[in-house]
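J.: Model the structure of this input:
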Amino acid sequence: MKAVGEKVVMVVPVYNERENIAPFLLDMEKVASSLPAVFTILFVEGGSSDGTGDAVDEAAVRLPNLVSVLHEEKKEGLGAAYLKGFARALDDPDALFIGEMDVDGSHDPDVLPKLLKAVQKGYGMALGSRAVEGGGTPDWPIHRRMISGGANLLGRAGSAFSIGDVTTGYRLYRREVLDDIDLGAIETRGYAFQLEMVAAVLNAEFTVAEIPLVFHDRERGASKLRSNDIIEYFLLSLRLIVRRILGRK
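T.: Numbering: from 1, shown residues only. Predicted structure coming up:
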């Protein structure tokens, strides 16, 4: 039984992901039928060159109750795409839960009902965490785990080690969290956005739940991580550490 007036909007940025759209939607249709709330997907499409824009537009026509699309004039980064998607989702008064998710198959759709259950219980944000018992990255070689672990450790230092997985891109927020946070003050536009949002949620004194996530590498397409994203993340981490030491939010 779906709760009347409760809607989940998953914001999903896509750029050159045409081959991942169809399998992703097959999984999401199954999730939509099982969740105790109305479930929708908002694709934020970044001017792809491989036909992704056409694919998501076709999906919106075929599945109007499930899919909507926001086209960016130009690709500005992951964080920028999420901010635009959040703004669109917040225009819908029924959107009580707003989330983030990747389209490449790395985020297990079976975790989504657990994220929803956590925020329905009152947590401000629920994360699909690779750092808690039951989560992990079984596909990663040791050197990648070390690099990712180091980046996560640096980011956690800036958030007083309150969260185990500050870089995960699989999360669900309660609407009032995004209403309370000054999204216009979010500075990062790349992957560092994930860390900055964790810091913003904690600074606003909302509670966070970490739900185990077994993360699997994408099978199709290429990662969009750039060297500029790594630099931005490093600089943000240092800034957060300094602010924490000085006792500033």
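
J.: for F43, phi and psi?
T.: phi -80, psi 130 (degrees, to the nearest 10).

J.: Who are the contact partners of it?
T.: Contacts for F43 (Cβ atoms under 8 Å, 6 or more residues apart in numbering) come out as V12, P13, V14, V56, A59, A60, V67, S68, V69, L70, V103. Backbone N, C-alpha and C define where each C-beta goes, glycine included.

J.: Hmm, G77 is touching Q194, no?
T.: No: the criterion here is Cβ atoms under 8 Å, and G77 misses it with Q194 at 11.9 Å.

J.: For F193, which residues are in contact?
T.: G77, L78, G79, Y82, L83, I186.

J.: again, but for V177
T.: G124, M125, V201, A204, F206.

J.: One more: V8?
T.: Here V8 is in contact with L35, A37, V38, F39, T40, A95, L96, F97, I98, G99, L116, L172 (Cβ under 8 Å, 6+ apart).

J.: Name the residues of the helix or strand harbouring it that come out as buried.
T.: Using DSSP states H and E, V8 falls within strand 7-14. Within strand 7-14, the residues that qualify as buried are K7, V8, V9, M10, V11, V12, P13, V14, counting by 16 or more other Cβ atoms under 10 Å.

J.: Centre-most residue in the protein?
T.: Nearest to the mean C-alpha position of the chain, by Cα atoms, centre = their mean, lies E100 at 2.7 Å.

J.: Pretty sure Y170 is one of the things it touches, is it not?
T.: Yes: checked against Cβ under 8 Å, the pair E100 and Y170 is within contact range at 6.7 Å.

J.: can you pick the most crowded of the contacts of F193?
T.: L78 (26 neighbours; other Cβ atoms under 10 Å).

J.: Return the per-residue confidence for it.
T.: On the pLDDT scale, L78 is placed at 93.

J.: where does it fall, phi/psi-wise?
T.: Taking degrees, to the nearest 10 as the convention, L78 sits at phi -60, psi -50.

J.: Isn't it up against T188?
T.: No: with contacts defined as Cβ under 8 Å, L78 does not count as touching T188, sitting 9.1 Å away.

J.: follow-up on the earlier one: filter the contacts of F43 down to just the ones in strands.
T.: V12, P13, V14, V67, S68, V69, L70 (DSSP state E).
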